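Trainee: Quick one: sequence and predicted model below, then my questions.
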Amino acid sequence: MDTGDARASVEVGRRRAPRLDVGAWKSAVARVVFLALTWWALCDGDPSSLTFGLVVVGVVAAVSFVLSPPRRHAWTLRSVAGFTLFFLKGSVHGGFDVARRALSPSLPISPVLVRYPMRLPEGAPQALFRITLCLMPGTLSADVEGEELVVHALVDRGQVIHEELAGLELRVRRLFGLGGTPPPPEGAHA
């Protein structure tokens, strides 16, 4: 056996641990900060939970990194701030709209399922898109079938819902620095 074969067999036998992409540090830091804030909120900011909280956040972060390694995303503080304002505004507007429909039986409700082809990469961009669309008045992410998202809407607004989904998708693209506007979707009712 020559030296090249020996090196190749050693390389095959040796398993390399996955490395964190240098550009993925923002995603990793954001995840740890989110976990820490969640722990703090669950414990009502009680300082006595800090020691145990550090252990829990560390373990949960480590497990999440193994199950879903952080990926490189080009988000900036400005894009995060803009999306946060959009998210808060959407939360308030969506809450008022649903409450208004629940309290006023005369408002129209004509539920419909809408199919929307997602053009975002898998992982955090798609997850954020699906979560955030629930803020749009009367909409809910019902199912994912391949690259298509099935959206439940309280009112059939025709093509308007497809335009709103495309607008939300564009905001998510900007947040993650995915650049370029994808071609318009060919949406359909389910």
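Mentor: Arrived safely, thanks for sending. None of the values given here were measured: they were computed from a predicted structure.

Trainee: which residues sit against stretch 144-163?
Mentor: Stretch 144-163 is contacted by residues 98, 101, 108-118, 129-130, 133, 137-143, 165, 185, 187, 189-190 when judged by Cβ atoms under 8 Å, 6 or more residues apart in numbering. To be clear about C-beta, it is placed using only N, CA and C from the backbone, and glycine gets the same treatment.

Trainee: Could you identify the longest helix within this protein?
Mentor: helix 77-103 (DSSP state H).

Trainee: and the next helix or strand after that helix, how far out from the chain's middle?
Mentor: Per DSSP states H and E, the first helix or strand lying C-terminal to helix 77-103 is strand 112-117. Mean C-alpha position of strand 112-117 versus that of the full chain (Cα atoms, centre = their mean, to the nearest Å) differs by 19 Å.

Trainee: ok, back up a step: list the helices and strands the longest helix of the chain packs on?
Mentor: helix 159-175 (3 or more Cβ pairs under 8 Å, 6 or more residues apart in numbering; DSSP states H and E).

Trainee: The longest helix of the chain versus helix 159-175: what angle between them?
Mentor: In terms of direction (axes from the mean of the first three to the mean of the last three Cα atoms, to 10 degrees), helix 77-103 departs from helix 159-175 by 150 degrees.

Trainee: pLDDT below threshold where in the protein?
Mentor: Low-confidence segments of the chain, defined by pLDDT under 70: 1-24, 26, 71-75, 180-190.

Trainee: Next, the residue nearest the centre of it: phi, psi?
Mentor: The residue lying closest to the centre of the chain (Cα atoms, centre = their mean) is Leu128, at 2.0 Å. With angles defined as degrees, to the nearest 10, Leu128 sits at phi -60, psi -40.

Trainee: which residues touch the residue nearest to it when sequence neighbours are not counted?
Mentor: With Cβ to Cβ, 6 or more residues apart in numbering as the measure, Val172 is the residue that lies nearest to Leu128, at 5.6 Å, once sequence neighbours are left out. Val172 is in contact with Phe83, Leu120, Pro125, Leu128, Phe129, Thr132, counting by Cβ under 8 Å, 6+ apart.

Trainee: Three-state assignment for the residue nearest to Gly94 when sequence neighbours are not counted, please.
Mentor: Leaving aside its sequence neighbours, Gly94 sits nearest to Leu135 (Cβ to Cβ, 6+ apart; 4.6 Å). Recorded secondary structure, Leu135: coil (DSSP: H, G, I helix; E, B strand; the rest coil).
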